[in-house]
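Student: take this sequence and fold it.
(one chain, ligands or ions: 1)
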Amino acid sequence: MPAPFPWIAEELETLAEQGLLRRRRTARRLAGGWCEIDGRKLVDFASNDYLGLSHHPHVVAAAQRAIAECGTGSGASALVVGRSIWHERLERRLAHFEGQEAAILFPTGYAANVGTIAALVGNDDAIYSDSLNHASLIDGCRLSGATVHVYNHHALVSLEGRLSAGRNFRRRLIVTDGIFSMDGVPAPLPDLCALARRHDAQILVDEAHATGVFGRHGRGTSELLDVEKSVAVRVGTLSKAIGAVGGFVSGSRTLIDWLWNRARPQIFSTAAPPAGCAAACAALDIIETQPALRERLLVLSQQLRDGVRQLGLETIASGSGPIVPVLLNDAPLAVRVAEALEQQGFFVGVMRPPSVPNESPRLRITVSAAHEPQMIERLLGALKIVAAAEQAV
Ligand SMILES: *Cc1c(COP(=O)(O)O)cnc(C)c1O
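Tutor: I've put the predicted structure just below:
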């Protein structure tokens, strides 16, 4: 019998030639900003555990207690019987944290985006989506069946043109990352909110990389840029700064009731485990009572960003916060630099198409409040040697 899918071997070969083949690694994340990759201990500059909360003793203990009380799995979708007392507590907790009427949990942030967009717009509607939006927003747009206009946030004039020309659509929704996940750059939310207001559209902001990190209370870019009242739908994830797993949406009571009834991942996917919700509740306590943690994160992030610039490497000028890209503009080069850094004891993200545009492969270095300033100094020292050897500077 011939092998099934003979074309796959050829396609994999092509990916390998282009430097786009992904290796599967086995990781164990450790406390203090460390990880073990395939059995070797490295400093972790690749994960999104921005505040180090996934290893915080209070967060870990909360999860352990919840497992002892409720077991490991949720057993069913939230709509059937998967919504535990921890889901209920966390939804109330999130609504309070976000200063909103209500919140709803999803199994993941990905599911929150896909399910929410598809529940809010359909065939008769239009979506305006930033060209750098996360794949989960893009997939939600596709799944919704709405007409999708992709805009570039450096050219909002063209977005305004599209909005003016789109009066005949039944509903219009602007969707954007709050912080673009590969660039670490905030979206122009004040301008977008003004456009939405002028053209009778609503706006959805995905705060995945901003919840717990930006804003005086850690509520994200909407808080940082003072547009919380204008953002109709705020999506967040529990899997990054909050250190657990799951996604959420916060907004008006009617919005949340609608999503509870109509967002398909809510109905057809098993709820995240109760222990994750208990961990997230404990993490929110820490985020609320210890603003020094995010202040430390922003100081460490600036240390790395300044250091990268001083080395003459290209990063993104308007970036701020813990996502520090190093643009290498060549996929095989990015892979070699990351491998050389790994030899030196540092694990960094390598972002290649389709995660980033074809012309901008990069390292994506992420900082955590669990790091020490010396770890960042040592990373910069290694980056200097590696970049010089590769003539990347
Ligand atoms: C990570 C991420 C998500 C998905 O969140 P998960 O909880 O990991 O599924 C959604 N949006 C953005 C911008 C992200 O970076």
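Student: enumerate the residues of the chain near the ligand.
Tutor: Residues of the chain that fall close to the ligand, judged by Cβ under 6 Å from any ligand atom: 108-110, 113, 134, 136, 177, 181, 206, 208-209, 237, 239, 247. Any C-beta I mention is one placed from the backbone N, CA and C, and that applies to glycine too.
Student: which of those residues sits closest to the ligand?
Tutor: Gly109 (2.3 Å; Cβ to the nearest ligand atom).
Student: what about the closest one, neighbour count?
Tutor: 25 (other Cβ atoms under 10 Å).
Student: circling back: which of the residues of the chain next to the ligand fall in helices?
Tutor: Within these, residues falling in helices by DSSP state H are Gly109, Tyr110, Asn113, Ser136.
Student: out of the residues you listed, which is most surrounded?
Tutor: Taking other Cβ under 10 Å as the neighbour criterion, Asn113 ranks highest of these with 31 neighbours.
Student: can you list the buried residues in the lengthiest helix in the chain?
Tutor: In the chain, assigned by DSSP H, the helix with the most residues is helix 291-310. Residues of helix 291-310 classed as buried: Leu293, Arg294, Arg296, Leu297, Leu298, Leu300, Ser301, Gln303, Leu304, Arg305, Gly307, Val308 (neighbour count, 16 or more other Cβ atoms under 10 Å).
Student: just the CA atoms of stretch 173-182, as PDB, please.
Tutor: In PDB, the C-alpha atoms belonging to stretch 173-182 read as follows (Å, rounded to 0.1, in the frame of the first residue of the first chain):
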ATOM      1  CA  LEU A 173     -17.100  45.700  14.500                       C
ATOM      2  CA  ILE A 174     -13.500  46.900  14.800                       C
ATOM      3  CA  VAL A 175     -11.200  44.200  16.200                       C
ATOM      4  CA  THR A 176      -7.700  44.800  17.400                       C
ATOM      5  CA  ASP A 177      -5.000  43.400  19.700                       C
ATOM      6  CA  GLY A 178      -4.400  45.800  22.600                       C
ATOM      7  CA  ILE A 179      -0.600  45.000  22.400                       C
ATOM      8  CA  PHE A 180       0.500  43.400  19.200                       C
ATOM      9  CA  SER A 181       1.800  40.100  20.200                       C
ATOM     10  CA  MET A 182       4.900  40.000  17.900                       C
END
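Student: dump the ones in helices among the residues of the chain next to the ligand to CSV, plus pLDDT and distance to Asp257.
Tutor: Converted to CSV, these look like this (pLDDT from 0 to 100; distance: Cβ to Cβ, whole Å):
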residue, pLDDT, distance to Asp257
Gly109, 98, 21
Tyr110, 98, 22
Asn113, 98, 19
Ser136, 98, 23
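Student: closest one of those residues to Ile376?
Tutor: Top of the list for closeness to Ile376, among those and by Cβ to Cβ, is Gly109 at 27.1 Å.
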